[in-house]
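Visitor: sequence below, structure please.
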Amino acid sequence: MAPGLVLGLLAALCWGLTDIAAALGGRRFGSLLTLGVAQLTSVFVLLGLGLVVERRIPFASADVVPLAVVLGLIGTVAYTAFFAGLRIGPVSVVSPVVAAYGGLTVVLAVVVLGETIRPLQWLGATTATGGIVLAGIHFDGSLRGARPVSRGVLIGIVSLVLFAVLTVGLAGPIRQAGWLDVIFTARLANNAAVWLLLLVVRVIRPRGSETLLARSEPSTVAWFGLLVLAGLLDVAGFIAFAIGLETSLAWLVGLASSFGPAIAVLVAVALLGERPRRIQWFGLAGIAVGLVLVAVPV
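Guide: Predicted coordinates:
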């Protein structure tokens, strides 16, 4: 099995569990605070890796910093939309829909980066993406009756596009400057923007801010620990993802990493009581078939 596929699937496992932790945390603390604490946790983990492993602060070189910062800001919008979508839910639908970024990544990697992909793997990418789309809609027997499952799905589409752009955009800088320096710099910019956005939203309270801010009921240390757990899972997935981008094809890593929703769906059904419709289960089956086709050695 290709290393890029293994690393992508490891990232998918971590991110699928992150989705559940982020959904639960977002409904208690608000999606912005959940995102801020989770990503601050990941910044400290990455900083610790740099200090322990390389005995230095893992900051990107001057020629890479501007692009890393821009990608970090794109990540802010992508993650904010994603966490807001998870809060609105249902998790078992929003998470698979956002995972369609894997299919878009394949297209962008071929068009922008000039990577090659075999016909069978095109079929796998198309099948998986089609399955993800089916998981995100209600279908009442006619095309006119097809509609997104919830507003969370519509918000998730924004993060879908941006995650694909982020994946392809990170590939070049990571291969040039190393994954740790680039990811740390991008995540630092990302996290600073999230906390600034949280401050602005708290002060201005724009329309729709109830999705981003916390509920009024008190929270416990255990609940706050859930946000830290989300950050640890997220950064573990990002490390596997970044190493994969450094050593393998971007389309393979991006697509494999997008299968985390399969984990999220199972947990959401078992623990959160969500019940996907038949067409959504059919869509998940498409994801599984697509993964098998993609796994064919490249």
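Visitor: which stretches of the stretch 101-250 of the chain have low pLDDT?
Guide: Low-confidence segments of the stretch 101-250 of the chain (pLDDT under 70): 132-133, 135-151, 206-219.
Visitor: would you list every one of the helices in it?
Guide: 101-112, 119-135, 151-177, 179-204, 221-247, 250-257 (DSSP state H, counting those that start in this stretch).
Visitor: most tightly surrounded among those?
Guide: Neighbour counts (mean count of other CB atoms under 10 Å) averaged over each of the helices of the stretch 101-250 of the chain peak at helix 250-257, with a mean of 30. The way it works is simple: take the backbone N, C-alpha and C, and place the C-beta from them, glycine included.
Visitor: sorry, back to before: of all the helices of the stretch 101-250 of the chain, which one is nearest residue 91?
Guide: Nearest to residue 91 among the helices of the stretch 101-250 of the chain is helix 151-177; the distance by CB to CB comes to 8.6 Å.
Visitor: that closest one versus helix 119-135: what angle between them?
Guide: 150 degrees (axes from the mean of the first three to the mean of the last three CA atoms, to 10 degrees).
Visitor: which strands and helices sit next to helix 151-177?
Guide: helix 65-88, helix 91-98, helix 101-112, helix 179-204, helix 221-247, helix 250-257 (3 or more CB pairs under 8 Å, 6 or more residues apart in numbering; DSSP states H and E).
Visitor: between those helices, which one is closest to residue 14.
Guide: The nearest among the helices and strands packed on helix 151-177, by CB to CB, is helix 221-247 at 3.2 Å.
Visitor: orientation of the closest one relative to helix 151-177 in degrees?
Guide: 50 degrees.
Visitor: select, out of the helices and strands packed on helix 151-177, the one closest to residue 152.
Guide: Of the helices and strands packed on helix 151-177, nearest to residue 152 by CB to CB is helix 65-88, at 3.5 Å.
Visitor: report all helices and strands that the closest one contacts.
Guide: helix 3-29, helix 31-49, helix 91-98, helix 151-177, helix 179-204.
Visitor: from the chain's centroid, how far away is the first one?
Guide: So that's helix 3-29. Relative to its chain's centre, helix 3-29 lies at 7 Å (CA atoms, centre = their mean, to the nearest Å).
Visitor: go ahead and name everything in contact with stretch 168-177.
Guide: Stretch 168-177 is contacted from outside by 60-61, 64, 67-68, 71, 74, 105, 108-109, 112-113, 182-183, 186, 242, 245-246, 250, 254, using CB atoms under 8 Å, 6 or more residues apart in numbering.
Visitor: next one: stretch 40-48
Guide: 57-58, 180, 183-184, 187-188, 191, 195, 227-228, 230-232, 234-235, 238.
Visitor: what residues sit buried inside it?
Guide: 40-43, 45-47 (16 or more other CB atoms under 10 Å).
Visitor: one step back: got CSV for the helices of the stretch 101-250 of the chain, with distance to residue 8 too?
Guide: Formatted as CSV, the helices of the stretch 101-250 of the chain follow (distance: least, CB to CB, whole Å):
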stretch, distance to residue 8
helix 101-112, 9
helix 119-135, 12
helix 151-177, 10
helix 179-204, 14
helix 221-247, 5
helix 250-257, 3
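Visitor: closest to residue 26 out of the ones you listed?
Guide: Residue 26 sits nearest to helix 221-247 of all the helices of the stretch 101-250 of the chain, at 9.3 Å, using CB to CB.
Visitor: out of the helices and strands packed on helix 65-88, the one nearest residue 268 is which?
Guide: If we rank these by CB to CB, the stretch that ends up nearest is helix 91-98, at 4.1 Å.
Visitor: helices or strands next to that closest one in the packing?
Guide: If contacts are counted by 3+ CB pairs under 8 Å, 6+ apart, helix 91-98 sits against helix 3-29, helix 65-88, helix 119-135, helix 151-177, helix 261-271, helix 278-294.
Visitor: try 6 Å
Guide: helix 65-88, helix 151-177, helix 261-271 (3 or more CB pairs under 6 Å, 6 or more residues apart in numbering; DSSP states H and E).
Visitor: how about JSON lines for those, with distance to residue 278 added?
Guide: Formatted as JSON lines, these follow (distance: least, CB to CB, whole Å):
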{"stretch": "helix 65-88", "distance to residue 278": "23"}
{"stretch": "helix 151-177", "distance to residue 278": "17"}
{"stretch": "helix 261-271", "distance to residue 278": "14"}
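Visitor: quick one: which of those is nearest residue 95?
Guide: Residue 95 lies closest to helix 261-271 among the helices and strands packed on helix 91-98, at 3.9 Å (CB to CB).
Visitor: got the angle for the closest one vs helix 3-29?
Guide: Angle of helix 261-271 versus helix 3-29, following the same axes, to 10 degrees, is 40 degrees.
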